[in-house]
Structures are given as C-alpha cells and as structure tokens.
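A.B. asks: Structure here, sequence nowhere to be found:
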C-alpha cells in the first residue's frame with residue numbers, strides 16, 4: 001500500500017522488517033531521494049518537491065513494487081552481546097519477574113537461550129530493534145520513560161529486545177547492560193549491528209562488565 005505523507009513524502013507498507021529493509025534498498029536505487037527510511041512494517045521515502053512531481057514519484061514507487069521485493073541479504077555473522085543482567089545494570093528485571101511470574105534466573109535463561117535477528121536500526125544512532133523475543137517475556141513499554149538510559153542498556157518491549165548504543169531517553173523495560181561499544185562515530189564502520197544480522201545474548205557477571 002502506498003500512502004501520501006504531506007507534500008514531499010510517501011509511506012510504503014511492508015509485510016515484515018526484512019521486506020522493509022529490502023524494499024528500502026530497491027527504492028534508494030530508483031531515484032535521487034532526500035531520504036529513504038525503513039521501519040518495522042513500512043518505508044518512508046522523502047523527495048525534493050521543488051524538483052519532482054508527486055505523481056511521478058508515486059509512479060516510480062509503484063513500478064518498484066511491481067518488480068517485487070528482493071530478499072534481504074541476511075548476514076551469516078553471529079554477533080554475541082555479553083550482558084550483565086539485573087542489579088544496577090538491569091533495574092527492571094525484578095519488575096519483569098513480577099509481571100511474568102518468572103524468576104530472574106528463568107528470564108535470563110530464556111533471553112540467552114535463543115538466537116535473534118536485527119529487524120532495524122533507528123530511534124538514535126545504532127539503536128537496534130532485535131526481533132524474536134520469547135512470548136513469555138513480552139511486556140509493553142513503560143508508562144513513564146526514563147530521561148536517561150545508559151549506553152549499552154538492554155531493554156525489552158512487546159516482541160523485541162532494544163539495544164541502546166548511546167545514552168538517551170527511553171521507555172523500554174531494562175533487564176541488563178552490555179559493556180560492548182556498539183556505536184563509534186570515529187570508526188570506519190560506526191555500527192556493530194546492522195539489519196539482518198544474527199544476535200545472541202551471553203550472560204556475564206558484574207566483574208566481567210567492569211573489566
């Protein structure tokens with residue numbers, strides 16, 4: 001589905017995060033756009049309204065959709081994220097235990113017992129939306145977001161794990177924190193995680209975090 005968004009943008013519905021990423025890659029190649037932003041279930045395309053007619057842009061997008069969406073090239077790389085769970089690093093773990101009826105150890109076992117996939121990067125630079133969370137761990141976002149969440153914090157909300165690559169406000173339920181630096185603007189490739197990558201969380205102790 002193609003939806004007009006103001007004078008200079010279109011939103012294109014996608015069936016999955018993977019389809020959104022693949023569609024965004026195709027749209028970037030189809031024209032000289034101001035921005036193409038994939039989301040969880042849609043892609044936003046912004047164009048220069050002083051150069052392009054909206055009807056022409058719509059036809060260009062429609063032609064891309066008619067071609068069919070190429071499959072997202074999934075990375076074979078498995079990125080392990082060390083996490084210290086609970087305590088000061090995961091201040092909402094006990095609250096999650098009460099909400100789910102699980103013990104802290106059961107939560108950690110469930111969270112570290114699966115392999116995940118990065119659905120998208122967004123919100124802040126390097127923030128990873130990681131899909132595939134076990135249904136037993138799913139809770140909504142907090143009603144009152146924190147004004148500051150430290151870089152490396154691991155949160156959950158609905159069906160996803162969120163990884164804060166930099167300090168920012170945030171409303172996810174925080175269960176742990178990783179010492180791994182996931183966003184380095186000075187590096188040739190600033191982001192450790194990219195859409196499509198495989199992820200596994202590995203529990204570590206506070207001493208390992210400090211080291």
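C.D. replies: Now that the structure is in, tell me what you want to look at. Given the structure is predicted, the values throughout are model-derived calculations rather than measurements.
A.B. asks: The helix or strand residue 56 falls within packs against which elements?
C.D. replies: Residue 56 belongs to helix 54-67 when assigned by DSSP states H and E. With contacts taken as 3 or more CB pairs under 8 Å, 6 or more residues apart in numbering; DSSP states H and E, helix 54-67 sits against strand 2-4, strand 9-13, helix 17-30. In short, each C-beta sits where N, CA and C put it, glycine included.
A.B. asks: List the buried residues for the longest one?
C.D. replies: Applying a neighbour-count criterion of 16 or more other CB atoms under 10 Å, the buried positions in helix 17-30 are 17, 18, 19, 20, 21, 22, 23, 24, 25, 26, 27.
A.B. asks: After that helix, heading C-terminal, what element do we hit next?
C.D. replies: For helix 17-30, the following helix or strand on the C-terminal side (DSSP H and E) is strand 35-38.
A.B. asks: Quick one: list the elements packing against the next helix or strand after that following strand.
C.D. replies: Helices and strands here follow DSSP H and E; after strand 35-38, the next one along the chain is strand 42-46. Here strand 42-46 touches strand 9-13, helix 17-30, strand 35-38, going by 3+ CB pairs under 8 Å, 6+ apart.
A.B. asks: 10 Å instead, please
C.D. replies: For strand 42-46, the contact count by 3 or more CB pairs under 10 Å, 6 or more residues apart in numbering; DSSP states H and E identifies strand 2-4, strand 9-13, helix 17-30, strand 35-38, helix 54-67 as packing neighbours.
A.B. asks: Sounds good, over and out.
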